[in-house]
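> Output the structure for:
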Amino acid sequence: MALPWKVLDQFTTKDEGVLELRQRGKKDFLITLGSQILMNSKAQRSEIALGELGCLNLKKHPNPRILVGGLGMGITLRAVLDSLPNTAQVIVAELNPKIHEWCLNPLAGLTNGAARDSRVIVKISDVAKLIKKSPRESFDAIILDLYRGPGPQTDQQNDPIYGSRAIANTHATLRLGGTFAVWGENPDRSFENRLASGGFTVHCERPGKGGYRHAVWVATKTHNKLKNHKSQPKRNS
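Take a look at the predicted model:
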């Protein structure tokens with residue numbers, strides 16, 4: 001018989017409702033928003049893939065600098081750290097200080113204390129605003145692990161994270177050859193087209209081989225100047 005879920009902590013967000021951290025067993029956790037399950041510690045393959053793919057070519061980089069948008073349970077952050085040298089710097093933008101507190105305490109065992117790693121700086125900040133105000137070519141990778149990915153509901157131009165203007169900000173903030181990796185619920189061709197038009201070579205991964213498979217976009221900055229750039233997204237077979 002399955003153990004009942006125990007609510008470890010909860011708080012009311014400004015716009016979304018009640019966010020809860022639940023546990024049953026030693027390493028079985030949920031983060032819920034109202035009746036919606038946002039994160040499940042037993043189903044993290046796409047989050048791990050996101051972190052690994054976002055840092056795929058940085059293991060031997062002398063001093064890589066990474067921006068991660070969204071802390072969640074710290075699973076993506078752990079995958080990022082495991083893909084980087086000890087000289088890396090990882091800035092994590094997280095809106096909710098409570099999420100940071102959970103990752104430092106009850107969730108720390110899931111990730112071998114990723115949020116406490118000496119390479120990590122957590123900023124309680126909106127990742128879109130942080131990207132916009134960062135100097136040009138500040139990061140070798142920008143990795144977005146937000147609980148809502150791009151989709152049909154996205155305003156193609158003005159969405160603060162996935163719209164074309166936001167993509168231009170991200171492009172400017174990445175170094176040439178840098179990676180923009182994004183988690184999403186489902187593939188979205190329109191988002192891929194915006195990335196391609198914004199100066200990226202992009203492909204969409206579907207981690208796993210069975211069950212529901214999320215989307216992970218991996219986009220590489222291939223041009224510093226966007227004028228007349230007409231690259232198209234690449235599709236995986």
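> Look up the closest residue to Lys6, ignoring the ones flanking it.
Gln23 (5.4 Å; Cβ to Cβ, 6 or more residues apart in numbering). Glycine gets a C-beta too; all of them are placed from N, C-alpha and C.
> Do I have it right that Val122 meets Glu101?
No - the criterion here is Cβ atoms under 8 Å, and Val122 misses it with Glu101 at 10.4 Å.
> which one of these two has more residues nearby?
Between Val122 and Glu101, counted using other Cβ atoms under 10 Å, Val122 has the larger neighbour count: 20 against 15.
> which residues pair with the more buried one across the strands?
Beta bridges link Val122 to Val92 when assigned by DSSP bridges.
> who are the neighbours in contact with it?
Remark: with contacts taken as Cβ atoms under 8 Å, 6 or more residues apart in numbering, Val122 is in contact with Leu71, Ile91, Val92, Glu94, His100, Ala115.
> How about Leu195?
Ile167, Phe180, Val202, Trp217, Ala219, Pro233.
> Checking my notes, the fifth one in a helix, right?
No - using DSSP: H, G, I helix; E, B strand; the rest coil, the assignment for Ala219 is strand, not a helix.
> Was I right to think it contacts Gly178?
No - counting by Cβ under 8 Å, Ala219 stays clear of Gly178, with 9.3 Å between them.
> neighbour-wise, which of those two wins?
Counted by other Cβ under 10 Å, Ala219 and Gly178 do not tie: Ala219 has more neighbours, with 29 against 26.
> The lengthiest strand in the chain - contacts with which helices or strands?
When the chain is parsed with DSSP state E, its longest strand is strand 174-184. Packing partners of strand 174-184 (3 or more Cβ pairs under 8 Å, 6 or more residues apart in numbering; DSSP states H and E): helix 45-54, strand 139-144, helix 189-197, strand 215-221.
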